[in-house]
Structure formats: structure tokens, C-alpha cells
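Asker: Take a look and give me a structure for this.
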Amino acid sequence: MTWEPERLDDQRHLSEADPAGMLPAVAASAAHVRTGYRTAVEAEVVGRLAGHGRPRAIVVAGVGGSAIAGDILAAVAGNGAPLPILPLRSYQLPGWVGAADLVIAVSGSGAAEETLSVATQAVRRGCTLLGVGAPGSPLEAIATQASATYVPVPVTGQSRANLWLLATPLIVAAAGLRLVQADAELFERVAKALEDMAHRCRPSSESFINPGKSLAMDLAESVPMIWGSSALASVAAYRLACQLNTNAKYPAVHGELPEVDHNQIVAFDGPLAERDIFADTAGRTLRLVVLRDVEEHPQVTRRREASVRLATDRDVPVTELTAEGVHPLERMATLIALGDYASTYLALGYAIDPTPVSAITELKARISQ
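Answerer: Next up is the predicted model:
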């Protein structure tokens with residue numbers, strides 16, 4: 001697999017190398033926000049959850065491409081949330097979770113065994129349960145049997161390509177519980193921001209003006225270390241790392257400032273930061289990718305600036321990207337969308353089909369035996 005950047009502007013290649021349509025799926029993000037909002041309203045999420053009162057805590061269960069919906073909810077609610085919001089990627093509910101708590105089970109397929117296990121435990125413990133996933137799925141069956149609320153979102157393809165279908169109902173629910181400020185106008189602004197990003201990153205837009213292709217070219221032939229400068233930017237950093245893994249089959253490291261300044265930054269002095277200018281072929285070396293947010297702690301801003309200077313002093317290439325928008329959900333959406341495009345273009349630049357996840361499929365087959 002060789003990196004050939006000219007592939008990114010070859011429209012025939014972009015179409016033929018993406019038979020399952022990951023690029024069109026990313027471009028559908030705006031429609032997914034609108035559909036997710038409408039489906040949540042039709043499922044009467046706000047009214048049904050309000051009848052249970054405000055919970056003591058919220059646990060969001062999910063794995064893989066569905067799990068980040070819980071990270072998005074926690075980051076949008078932020079430090080001002082009057083209760084803890086815990087994303088959970090596991091088979092087991094924590095021992096303290098009980099009847100006073102809300103468990104949100106998210107699964108694009110509606111069949112992830114970890115999420116089904118947690119949803120079943122939530123019902124047994126008397127928790128309030130909200131399910132979000134495919135219609136007619138095992139997860140919907142659990143919710144229906146427990147007389148719980150379920151949002152049947154029309155997921156197609158891979159769960160990671162349906163992020164906003166899965167995440168939007170969670171924000172609607174949180175707004176109904178007065179944990180976040182979000183209404184129809186906000187979701188429409190988010191959808192329009194995603195439409196704008198889709199236009200800027202469209203396949204017919206050439207690499208030198210296309211932010212998605214430009215980021216892919218930065219990432220190619222490097223080992224990316226992706227840092228977020230706030231809670232929401234760190235969610236986008238994690239999402240980008242996961243998308244690089246699953247779309248481009250590519251390694252990546254992610255983290256959040258200031259924590260990364262206590263460990264990952266030392267890699268600037270390691271073997272992957274070294275460059276041999278006399279080598280016949282360029283080796284894969286470290287690249288720092290900083291996802292910036294307008295709402296940074298002042299000390300984090302100082303650390304970010306100093307960290308970038310430190311990388312530059314050691315000839316570690318740096319890419320800085322800044323979130324766009326006013327509301328936290330808007331800002332997160334712009335960073336996530338750009339990363340989704342970049343990871344897909346990186347795959348196509350290597351002539352890798354971004355949709356299949358053969359290693360995951362094989363693993364599931366092995367553990368089911």
C-alpha cells in the first residue's frame with residue numbers, strides 16, 4: 001500500500017475505491033442531524049423522560065462507532081452539568097448504578113453484545129432506560145419489553161458513518177432534562193455547519209483548497225499524535241484517531257491538554273521524531289495535530305502554545321485546526337466532520353476501501369465459536 005496524493009483529485013478513483021460510499025455517508029451528516037432530531041421528537045423522548053424526573057446520574061453505554069455519542073453528550077453538557085454523565089464501554093454496569101439513574105444504551109446495529117448486556121442489567125436494577133439504535137433490533141426488544149423509551153433511528157451501513165443519527169437524540173434528551181441548552185434552531189445551525197463542511201470537502205474540490213484532503217496529506221506517511229485543547233476538542237481528537245483506525249486502517253495516538261504535557265510530549269525526543277535527510281525514502285515520523293477550541297482554560301492556552309513551539313524547535317511537523325461556531329455542539333461538529341473527511345481521503349490515497357473492518361469481523365467470528 002503506497003501513498004499517492006494524486007489519487008485524491010482523481011474522481012474516477014475516488015468513486016471506484018469507495019464502493020460502499022463512505023464519502024457520501026460523511027456528506028450525509030447534516031441530514032442525519034435533522035433526522036435524528038425529528039425521530040427523537042416523534043419518539044416523545046423529552047416527555048417520557050420528564051415523567052421520571054431528573055436522574056441522579058446518566059450512564060451512556062455503547063461501543064465502537066456508537067460509543068462516541070456518550071462522549072459528545074458529556075462534553076456538550078460540560079463542567080456545568082448538575083449530575084455526572086459517564087460514557088461506558090463495557091459489559092458491566094458499575095455497582096453504584098441503580099433505580100435513581102438513567103442508562104442510555106446506544107447501538108447503531110442494535111445488537112452490540114456489550115450494550116445489550118448493560119441494557120439488560122439496567123432493566124433488572126430498575127434504572128430508567130433510553131435506547132437509541134436500529135429499528136426491529138434486539139436492543140429495541142429489550143426496551144419494549146421494559147416499557148422503556150426507544151428511538152429507532154434509520155441506520156444504514158457502519159455505525160461510525162451514522163454518528164449524528166445516534167448522538168442527536170441524546171442531546172435532545174439532555175435538553176429536556178435541562179442539562180444542555182439545545183432547541184430546533186441549534187440543530188439546524190449544526191446541520192448547516194455540516195453542510196458547509198461537506199461543500200468545502202467535496203470530492204470535486206481540489207486538494208490545495210479542500211481542507212479534508214489537505215489534512216489527509218498532512219497525516220500521510222506520519223504517526224499522528226492528536227491533541228485536543230478542551231473537553232470537546234479532545235472528543236474530536238479521539239474520534240479522528242478512531243476514524244483513522246477504522247477508515248484508513250492507520251495508527252494514531254490521541255490525548256487532551258494538559259495531560260499530554262505530562263507524558264506524550266516526551267515523544268518529541270524519541271526515535272519517531274528523528275528525520276534522516278539522507279535516507280533514500282522518507283520514514284514514517286511523528287506529526288503533532290492540535291485541535292483547538294475557542295473556550296480554553298488560560299493555562300491550557302499557554303501550554304498549547306509552548307508545546308507547539310517545543311515541537312517546532314525539534315522539527316516535528318505541526319498541524320493546528322480550530323473549531324468553528326458558537327455553541328459547543330457546533331464547534332465539535334466542525335472538528336469531527338473535518339476529521340471524518342480526512343480519514344476517508346487518507347484511506348483512498350492509499351487505495352484502501354474505507355468501509356470494511358475485516359479484523360473486527362474476524363475477531364467477532366473467533367469469539368463466537
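Asker: For residue 120, list the residues it contacts.
Answerer: By Cβ atoms under 8 Å, 6 or more residues apart in numbering, the contact set of residue 120 is residue 142. To be clear about C-beta, it is placed using only N, CA and C from the backbone, and glycine gets the same treatment.
Asker: now the helices: where do they sit in the stretch 151-300 of the chain?
Answerer: Here the stretch 151-300 of the chain has its helices, by DSSP state H, counting those that start in this stretch, at 163-176, 184-200, 211-219, 231-248, 298-313.
Asker: same for the first one, what does it pack against?
Answerer: Same thing as helix 163-176. helix 29-42, helix 45-50, helix 68-77, strand 102-107, strand 128-133, helix 184-200, helix 328-349 (3 or more Cβ pairs under 8 Å, 6 or more residues apart in numbering; DSSP states H and E).
Asker: Dump those into TSV; add mean pLDDT, mean neighbour count and distance to residue 155 as well.
Answerer: Shown next, in TSV, are these (pLDDT from 0 to 100; neighbours: other Cβ atoms under 10 Å; distance: least, Cβ to Cβ, whole Å):
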stretch	mean pLDDT	mean neighbour count	distance to residue 155
helix 29-42	98	20	9
helix 45-50	93	17	17
helix 68-77	97	25	12
strand 102-107	98	29	9
strand 128-133	98	29	7
helix 184-200	98	18	17
helix 328-349	98	27	16
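Asker: Quick one, which of those gets closest to residue 172.
Answerer: Counting by Cβ to Cβ, residue 172 lies closest to helix 29-42 out of the helices and strands packed on helix 163-176; the figure is 4.1 Å.
Asker: Touching that closest one from outside, list them.
Answerer: Outside helix 29-42, the residues touching it (Cβ under 8 Å, 6+ apart) are 151-154, 162-169, 172-173, 184, 187-188, 190-192, 194-195, 198, 333, 337, 340.
Asker: Include distance to residue 51 when you put the helices of the stretch 151-300 of the chain into CSV, please.
Answerer: Formatted as CSV, those follow (distance: least, Cβ to Cβ, whole Å):
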stretch, distance to residue 51
helix 163-176, 11
helix 184-200, 22
helix 211-219, 43
helix 231-248, 30
helix 298-313, 40
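Asker: got the end-to-end distance for stretch 208-226?
Answerer: 22 Å (Cα to Cα, to the nearest Å).
Asker: Can you tell me how far the residue most central in space within the chain is from residue 254?
Answerer: By Cα atoms, centre = their mean, the chain has its centre lying nearest to residue 239, at 3.5 Å. Separation of residue 239 from residue 254 (Cβ to Cβ, to the nearest Å): 9 Å.
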